[in-house]
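Q: Need coordinates for the following:
(2 chains, ligands or ions: 1)
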Amino acid sequence: MKTDIFKIMAIASTFAMMLFAPWLVADAKINGLMGTSFNLTARTGTIYTGEGNIIHVWGYTAGPKMQYPGPTLILMQGMPVTINFTNNLPVATSIVFPGMDVTATGGTTGLLTNEAAPGGVDEVTYTFTPTRPGTFIYYSGTDMDLQVEMGLVGAIIVRPMGFDHMMPETWRAYGHDDSLYDHEYLILETEMDHRIHSLVKQGKYNEARAIDYFPVYWFINGRNAPDTMLNDFHPLFPTQPYGGMVMMHPGDNVLLRIINAGRDLHPFHTHGNNFEIIARDAILLESVPGVSGADLKVSDFTTSVSPGGTEDAIFHWTGHGLGWDMYGHSPEDPPEMGEDPNDHGKPFPVIIPEQQDLTFGDMYSGSPFLGVAGDLPPGHPGLNEAAGFFYMWHSHNEKEMVNNDIFPGGLMTMLVVLPHSVPIEH
Amino acid sequence: MRTKYIPVLILLAVLSIVAFALPNRASGVEYFLRADTVVVNLPGGVNVTMWGFALENAFGETSGTVICPGPELVVPSGDNVLTIHLDNNLPEVTSIVIPGLTATMTPVRRPDGRVRSFTHETPSGNTEAVDYTWNNVEPGTYIYQTGTHPGKQVQMGLYGVVRKSFSEDGSGGEVYENVDYDSQKVIFFSEIDPVIHEAVANEEYGTGLTVTSPIGYKAKYFLINGKVYENGDPALPIGGVGQTILLRFVNAGLKTHSPMVNGLETLVVAEDGKPYKYPEKRFSMTLPAMKTKDVLIAPSTAGTYVLYDRRLYLTNSGSAPGGMYLKLSVND
Ligand SMILES: [Cu+2]
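A: Below you'll find the model as predicted:
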């Protein structure tokens, strides 16, 4: 079955590069660094944009190479955390952790927090104990208008008490069952004005910040579409380790951890269904804190997370309301797992034309039915061998769906609904 | 028979005098504001002509200082009625509106039918006060602003805050029913695009002139409480450890701002003067143009906390640090 996923992951066939990436591995978990002690360094490096540009970026990393965004830190509620921070940038920098009660030692005192000097000559230690679970953010607390733009941002996930990666029945974002999920995905939004990055590369910091800000790149997890649809740690993106492809089966609950690490509002929009916002800034939306569950959750199809803030949303999809049986069942056939009974056995509403009367998109499986791969003409790339359903998720500020004026790109990815016969690996 | 009615008539007369007097007593709080020009000094030797308000003791006086944002207009808890007596020393007509508070609006139109002012105008150089009255001021935080040619006059600086608490007790009280605070501060966000101000000052703003409208608006200065941040700025004392501190966030700029307080989380209890049924604990928030939000903070440690705009408007015409940083000091 894994080969199916390889093909599925090549879904962005409208983007030719995908055709040359058959080694993809399906990966439906949030990758990051787990633990209680981290050594982070701010470094310079380059990233690739969706249309092939190269941008000079500053980023946090736990390794020898800059990465964008910084490592996702996966923490446990109640477990004290120590972050030893050094700085290989040409200017002083720091880290702030909104929502955390941080003690900073070492380095020099800055406006917001302790800063590490350039050139790796000193070390700042940040310690805090995450007292509540949820989705958080970290970013530079120094010269923020320049340094956040340059890429010094990252995500923090705090697991609730009782969470065990080996036991799916414990997969909650918060303490309450209203936050149970089958798969979780990170959607970390940023934007960039590449002119600033060019000037910074030349050391012209003051010129860089004096520019009339006009971003032309928009990112999910540090990548532009179509690169968002490639898997984590893809070799084409050595400094952009995190993908943004969302995969689920009908009936699954998908947890979206949406972070606005940029400065502008990015109205994030899902096709396929509404989602339910269950938390903002790592606070469950509940009328009686700690008791009522997410009874104040909000159903919506677009959400603009506050800059520097986070939201958690649950996306659920069953095909409800389609009006036809998405498996192509007859009424007497047994239902599939998670199938909406309302449409069971209902016929497809149009007569499917003969092959010679169709044009075939690269993503067409040969049939309109989920998990039913039909006949395809010779020469068709067959990129949707598992016969999944694809929905575009993107910034509803449509301007943000380009890479420096080239469509499609930007803050966009795909949801693929896969038949239950195709496993989604965690 | 008629004589029998004389006491009744006297009684009626007395009652009518009382009735006349009552609106005066219930007229609650009144302020004399003078709209006038002021030159604001910004870092780098930049002087910007702005329009602001001065608080005066009576109509026609000019002893008050013209400031921008204008004076805080406090409506005491017991009062429902706010009256502003306006003296207009600007070169053009103006007016005052308060989004979120009801008033009888009498819009003024141009000859071509387009609205020029949302309500009755105060002519330039008026010889007697023009009154603006709100009869039903609910507790909350509001913005008073010009209701005339707002695309120009709001940017020029004609705005300020109106605040009322549900109850008052020394420096504290309830901002809304059962929402307690020990001390309070207004945190007022605004912006300046010097190009527009220079054009207005030189009478080069308008149809066919150098600047025709705010369409090319590019703010270069980002202010909190009428000031851009500069290195070495003193911290604003907001209260002490163990206190619940009310911050009334107000945005009279044209852009959305995102106030965050480093090291603290906020409890958002209201927006636009309307209390939330379920207050939201947040570390981020958006404050769109002309929005007010009331938030509570409760620092457990004394020290300086830096409030900043996470939209990163943190420069003064491109030089850093600047813009929307504000140090807040919390004492023991
Ligand atoms: Cu769309």
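Q: ok, the residue of the stretch 151-300 of chain B found nearest chain A to residue A:328 distance?
A: Per C-beta to the nearest C-beta, the residue of the stretch 151-300 of chain B with the smallest distance to chain A is residue B:284, at 2.8 Å. (C-beta placed from N, C-alpha, C; glycine too.) Distance of residue B:284 to residue A:328, given as C-beta to C-beta, to the nearest Å: 46 Å.
Q: Could you find the closest non-adjacent residue to residue B:236?
A: residue B:328 (5.6 Å; C-beta to C-beta, 6 or more residues apart in numbering or on different chains).
Q: count of neighbours near residue A:355?
A: 12 (other C-beta atoms under 10 Å in any protein chain shown).
Q: With the one 3 residues further on instead?
A: By other C-beta under 10 Å, 12 other residues sit near residue A:358.
Q: swap in residue B:30?
A: Under the criterion other C-beta under 10 Å, the count of neighbours that residue B:30 has is 15.
Q: wait, it sits on residue B:76?
A: No. Residue B:30 is beyond contact range of residue B:76, at 11.8 Å (criterion: C-beta atoms under 8 Å).
Q: Now do the buried residues in the top strand by length along chain B.
A: For chain B, the strand that runs over the most residues, judged by DSSP state E, is strand B:29-42. The neighbour-count check on strand B:29-42 (16 or more other C-beta atoms under 10 Å in any protein chain shown) flags B:29, B:31, B:32, B:33, B:34, B:35, B:36, B:37, B:38, B:40, B:42 as buried.
Q: which residues does the residue of the stretch 1-150 of chain B found nearest chain A contact?
A: Closest to chain A within the stretch 1-150 of chain B is residue B:44: 12.1 Å, counting by C-beta to the nearest C-beta. Neighbouring residues of residue B:44 by C-beta atoms under 8 Å, 6 or more residues apart in numbering or on different chains: B:316, B:317, B:319.
Q: of those residues, buried ones?
A: Buried among the contacts of residue B:44 (16+ other C-beta under 10 Å): B:316, B:317.
Q: Which residues of chain B lie near chain A?
A: Near chain A, the residues belonging to chain B are B:218, B:256, B:258, B:260, B:262-263, B:265, B:278, B:280-286, B:306, B:308, B:310-315, B:317-321, B:323, B:325 when assessed by C-beta under 8 Å from any C-beta of the partner chain.
Q: Tell me, how many residues neighbour residue A:365?
A: Neighbour tally, residue A:365, other C-beta under 10 Å: 22.
Q: Next one: the residue nearest to residue A:194 when sequence neighbours are not counted relative to chain B, how far apart?
A: Of all residues not flanking residue A:194 in the chain, residue A:55 sits nearest, at 5.3 Å (C-beta to C-beta, 6+ apart). Note on residue A:55: its distance to chain B, by C-beta to the nearest C-beta, to the nearest Å, is 18 Å.
Q: Touching, residue B:42 and residue B:191? I think so.
A: No. Assessed by C-beta under 8 Å, residue B:42 is found out of contact with residue B:191, at 11.9 Å.
Q: picking up where we left off before, pLDDT averaged over whatever helix or strand the residue nearest to residue A:194 lives in, what's the number?
A: In the assignment (DSSP states H and E), residue A:55 maps to strand A:54-61. For strand A:54-61, mean pLDDT rounds to 98.
Q: for stretch B:111-121, same thing?
A: Per-residue scores along stretch B:111-121 average to 96.
Q: show me where pLDDT drops low in the stretch 251-400 of chain A?
A: Counting by pLDDT under 70, the stretch 251-400 of chain A contains no low-confidence segment.
Q: ok so, going back, run a quick neighbour tally on the residue nearest to residue A:194.
A: Count around residue A:55 with other C-beta under 10 Å applied: 19.
Q: Within the helices and strands, which one has residue 219?
A: Assuming you mean chain A. Going by DSSP H and E, residue A:219 is in strand A:217-220.
Q: Where do the strands of the stretch 201-350 of chain A begin and end?
A: Listed in chain order, the strands of the stretch 201-350 of chain A (DSSP state E, counting those that start in this stretch) span A:217-220, A:246-248, A:253-260, A:268-270, A:275-280, A:283-284, A:298-300, A:302-303, A:310-316.
Q: of all these, which lies closest to chain B?
A: When those are compared by C-beta to the nearest C-beta, strand A:283-284 sits nearest chain B, at 4.9 Å.
Q: need the helices for the stretch 151-300 of chain A, in chain order.
A: A:194-201, A:205-209 (DSSP state H, counting those that start in this stretch).
Q: Let me fix that, I meant to ask about the stretch 1-150 of chain B.
A: Using DSSP H, counting those that start in this stretch, helices in the stretch 1-150 of chain B cover B:2-26, B:150-156.
Q: tell me, which of the ones you listed is the model least confident about?
A: Among the helices of the stretch 1-150 of chain B, helix B:2-26 scores lowest, with a mean of 46.
Q: Once you drop chain neighbours, what's closest to the residue of the stretch 251-400 of chain A found nearest chain B?
A: Residue nearest to chain B within the stretch 251-400 of chain A: residue A:309 (2.8 Å; C-beta to the nearest C-beta). Nearest in space to residue A:309, with sequence neighbours left out and distances taken as C-beta to C-beta, 6+ apart, is residue B:284 at 2.8 Å.
Q: what residues are up against the nearest residue to residue B:233 once chain neighbours are set aside?
A: Of all residues not flanking residue B:233 in the chain, residue B:327 sits nearest, at 6.4 Å (C-beta to C-beta, 6+ apart). Neighbouring residues of residue B:327 by C-beta under 8 Å, 6+ apart: B:233, B:234, B:235, B:236, B:304, B:305, B:306, B:307.
Q: switch the cut-off to 10 Å
A: Contacts for residue B:327 (C-beta atoms under 10 Å, 6 or more residues apart in numbering or on different chains) come out as A:111, B:229, B:233-236, B:238, B:262, B:304-308.
Q: Of the residues you listed, which belong to strands?
A: Filtering the contacts of residue B:327 for strands - DSSP E - leaves B:236, B:238, B:304, B:305, B:306, B:307, B:308.
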